[in-house]
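Peer 1: Below is the sequence, then the predicted model.
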Amino acid sequence: ASALGGAAITYSKVSSTSTSCSVDSSTGVLTYLGAGICTVRATAAQSTNYDSGFTDVTFTVSRATPTLIWNPSLSQEVPAGSTTFSAASTNSDGAITYAVTNVGSTGCALPALSRTLAFAADGSCEVTATVAGTTDYNVITSVKTFAISKAAQTVTWSPPSTLSLASVSVDLGPASTSGDGAISYLVTSAGGTGCAFADATRPVLTYASSGSCSVTATAASTAGYAQATASTTIAISRATPTVSWSPVTALEMPAATVAPVAATTTGDGSMNYAITSDSGAGCSVNAGTGALTYAATGQCQVTATSGMSTRYSAGSTAATFTVSLSPQSITTTALSTSLQPGESTSLSVTGASGTGAITWTRTTGLGVCTVVGSTVTAVADGTCSITGGIAADTAYMAASSTVTITVTSPVVNGGSGGGGSGGTSD
């Protein structure tokens, strides 16, 4: 301060409120220890030309505004249930406290003198950090909003990628989740297969036709976890049937029609028969019954096919039939099997099935008998064997048999002479 005439000035505290202040009487330096109002008087001393005078100045001392630094992690997930957030810091000497100022839908709570925030549901939770006012510093607050979200859950499911219509229902196996959501199953696209889950809580899939079936396993949203899904597409195809057929494949002439045992199939298609190759046997087959007709020796292959149906693809198996000549047996007989030299007898064959030419051949007894055509003539004493044979024809094999002829000369009986008796003498 200054005064007219250059009078000396002194300083003094007049009054103060809420603060402790003092002033240096000679320099006017004001010292204060806290916020409040301090009135200081500057007094000019009396001089030759001027009377003593003063003026009062009122100083207002305010609390400082502190800094408050607080950077907690604001993103939290419900399953954690709580989080201990980082502490705030300040340049004030006031105590820092924390309080929930808006619960929202989270049910969040913060015990007194604690930094552990508890929560039970998703939503927003507002927490305020407060630095208390002190002699030198004002109150300051910082408000943070914690975002409490449901945790993601992972659904794991490994159903088969392909299915066969050999069955019309299959358990795909259960899905699992990293969370606590109930699992349900849904067909998202049947694709013409007629696929469906009869019970959404069980992974048992039914289906009726071939095609693609898209399915999804869903873990439901809960208080702590968001909904999650796992999806896949299953290719459903017709089953391949097994066709079994074991007919008797060795056939004999003459030409005939036989009814082999029917083929069977694990499918449900109708059975059909067809000639697929013929090596001279002249075969034909009834497509519906499999009855086989053949005309000559040789081989023919017949294929039995189970037709395609809604559930099964076509399937087949083949059998090769071999047609052979039939055996036959004959008996060679002679009208008489005992002859005298010079006598003859006729030969015959009985029991033949075929139509082949008949021949007779002497097989033993050279010089005992001769054979011309079907006549045997005795020549000399002894035995001779005659074999009658029938040649093979288109249906029967050749056959033969033997007859034995015995030749015996007749017995000749000779006469006896008588003798006389001698005379007597006298």
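Peer 2: Perfect, I can see it now.
Peer 1: ok, so what distance separates residue 204 from residue 196?
Peer 2: From residue 204 over to residue 196 the distance is 10 Å, taken as Cβ to Cβ, to the nearest Å. For every residue, glycine as well, the C-beta is placed using N, CA and C.
Peer 1: Stretch 341-353: which residues count as buried?
Peer 2: Going by neighbour count (16 or more other Cβ atoms under 10 Å), the buried part of stretch 341-353 is 341, 345, 347, 349, 352, 353.
Peer 1: Need the residues that contact it.
Peer 2: Here stretch 341-353 makes contact (Cβ atoms under 8 Å, 6 or more residues apart in numbering) with 326, 328-337, 339, 358, 360, 371, 374-381, 386, 388, 390, 395-396, 399, 401, 403, 405, 407, 409.
Peer 1: Now restrict the residues you listed to buried residues only.
Peer 2: 328, 330, 332, 334, 339, 358, 360, 371, 374, 376-379, 386, 388, 390, 395-396, 399, 401, 403, 405, 407.
Peer 1: So which of the residues you listed are in strands?
Peer 2: Of the buried ones among the contacts of stretch 341-353, the ones assigned to strands by DSSP state E are 332, 334, 339, 358, 360, 371, 376-378, 386, 388, 390, 399, 401, 403, 405, 407.
Peer 1: Just give me the residue closest to the centre of this structure.
Peer 2: residue 160 (2.4 Å; Cα atoms, centre = their mean).
Peer 1: That one in helix, strand or coil?
Peer 2: coil (DSSP: H, G, I helix; E, B strand; the rest coil).
Peer 1: So it sits against residue 167, correct?
Peer 2: No. Contact criterion Cβ atoms under 8 Å: residue 160 and residue 167 do not qualify, at 11.6 Å.
Peer 1: what helix or strand does the nearest residue to residue 333 once chain neighbours are set aside sit in?
Peer 2: Excluding its sequence neighbours, the residue lying closest to residue 333 (Cβ to Cβ, 6 or more residues apart in numbering) is residue 348, at 5.5 Å. Assigned by DSSP states H and E, residue 348 belongs to strand 344-350.
Peer 1: That strand to strand 399-407, inter-axis angle?
Peer 2: If you take axes from the mean of the first three to the mean of the last three Cα atoms, to 10 degrees, strand 344-350 sits at 160 degrees to strand 399-407.
Peer 1: Parallel or antiparallel, list what pairs with strand 344-350.
Peer 2: strand 331-334 (antiparallel), strand 375-378 (antiparallel) (DSSP bridges).
Peer 1: quick one: it to chain centroid distance?
Peer 2: 80 Å (Cα atoms, centre = their mean, to the nearest Å).
Peer 1: swap in stretch 30-42?
Peer 2: Centre-to-centre, stretch 30-42 and its host chain are 89 Å apart (Cα atoms, centre = their mean).
Peer 1: Give me the residues contacting it.
Peer 2: By Cβ under 8 Å, 6+ apart, the surrounding residues in contact with stretch 30-42 are 1, 9-24, 28, 54-63, 135-136.
Peer 1: switch to 7 Å and redo it
Peer 2: With Cβ atoms under 7 Å, 6 or more residues apart in numbering as the test, stretch 30-42 has contacts from 1, 9, 11-23, 28, 54-63, 135-136.
Peer 1: And for stretch 360-379?
Peer 2: 334, 339-348, 380, 382-388, 402, 405, 407.
Peer 1: ends of that stretch, how far apart?
Peer 2: Stretch 360-379 has an end-to-end distance of 17 Å (Cα to Cα, to the nearest Å).
Peer 1: What mean pLDDT does stretch 329-342 get?
Peer 2: Mean pLDDT, stretch 329-342: 96.
Peer 1: burial of the closest residue to residue 398 other than its chain neighbours, as a residue count?
Peer 2: Nearest non-adjacent residue to residue 398, counting by Cβ to Cβ, 6+ apart: residue 392, 4.3 Å away. For residue 392, the count of nearby residues is 14 (other Cβ atoms under 10 Å).
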